[in-house]
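Peer 1: model this:
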Amino acid sequence: MRIRLIVLVAALGVGHVALLGTLAAPASAQRLSGKLLPRRFYVSLAPGGLGVNGSGPITACAQGFHFASIDEIFNPTQLAYDSSQAFAYTAADMGAGAPHGYLAWVRTGNGSSTLSVAGEGNCSVWASGSGADSGTVVALKEDWAQPPQALTPYVAQTTACNVTQGTWCVED
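Peer 2: This is a model prediction of the structure:
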């Protein structure tokens, strides 16, 4: 989808229309019958349906998607879970929503860290597959009776970077 940007310029009382350029609309700005569709996201189990260790999340998402930051997926009610992706994780009772309870790597928005602190550890900015280093994983809560946490609706923890996990992916 392309959007044309047109600007009306007034010069000496005479209006001129000038085409300044063509801008590409973001991939997430898709429309169906005039209605804006929500941005898509999913948990990738690529490659081979098994997931990746802490050095693999950056390349684990399908074309048109990227490794998601918690900020990009924080409100799943504003997103659409894309179970049509080849290596998307699905659960028996998820319906059209996202699966709950499946921990997957997520970007933290912090500097390089190997600390075992949820929201801080990121496998040296997703370059380490070492069992001595830690990275952050999150899952949508599956136990609705749990008391509220700071990261509602997600639960967060750290995992050793040599552990194979899914990857949260969001549309470009």
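Peer 1: just checking, Glu120 touches Asn110?
Peer 2: Yes - between Glu120 and Asn110 there is a contact at 5.5 Å, judged by C-beta atoms under 8 Å. To be clear about C-beta, it is placed using only N, CA and C from the backbone, and glycine gets the same treatment.
Peer 1: who has more neighbours, these two?
Peer 2: The neighbour comparison of Glu120 against Asn110 (other C-beta atoms under 10 Å) goes to Glu120, with 17 against 14.
Peer 1: against Trp144, how distant is that one?
Peer 2: According to C-beta to C-beta, to the nearest Å, Glu120 and Trp144 sit 27 Å apart.
Peer 1: helix or strand with the lowest mean pLDDT in the protein?
Peer 2: Every helix and strand in the chain was compared by mean pLDDT, DSSP states H and E; the lowest is strand 2-11, with a mean of 31.
Peer 1: all strands of the chain, in order?
Peer 2: In the chain, the segments counted as strands under DSSP state E are 2-11, 14-24, 31-32, 35-36, 39-44, 65-67, 79-81, 104-105, 134-140, 154-160, 166-171.
Peer 1: tally of neighbours for the nearest residue to Thr164 once chain neighbours are set aside?
Peer 2: Spatial nearest neighbour of Thr164, chain neighbours left out: Gly51 (4.5 Å); criterion: C-beta to C-beta, 6 or more residues apart in numbering. Neighbour count of Gly51, defined by other C-beta under 10 Å: 24.
Peer 1: and the gap between Gly51 and Thr167?
Peer 2: Distance from Gly51 to Thr167, by C-beta to C-beta: 7 Å.
Peer 1: hey, what's in contact with both of those two?
Peer 2: Common neighbours of Gly51 and Thr167, using C-beta atoms under 8 Å, 6 or more residues apart in numbering, are Ser44, Ala60, Ala104.
Peer 1: so which of the residues you listed would you say is closest to Ser116?
Peer 2: When those are ranked by distance to Ser116 (C-beta to C-beta), Ala104 comes first, at 17.5 Å.
Peer 1: how much space between that closest one and Leu36?
Peer 2: Per C-beta to C-beta, Ala104 is found 27 Å from Leu36.
Peer 1: just the pLDDT for Glu142.
Peer 2: Glu142 is assigned 84 on the pLDDT scale.
Peer 1: quick one: contacts for the closest residue to Gln78 other than its chain neighbours?
Peer 2: Distances taken as C-beta to C-beta, 6+ apart place Pro38 nearest to Gln78, at 6.1 Å, with adjacent residues excluded. By C-beta under 8 Å, 6+ apart, the residues touching Pro38 are Gln78, Leu79, Ala80.
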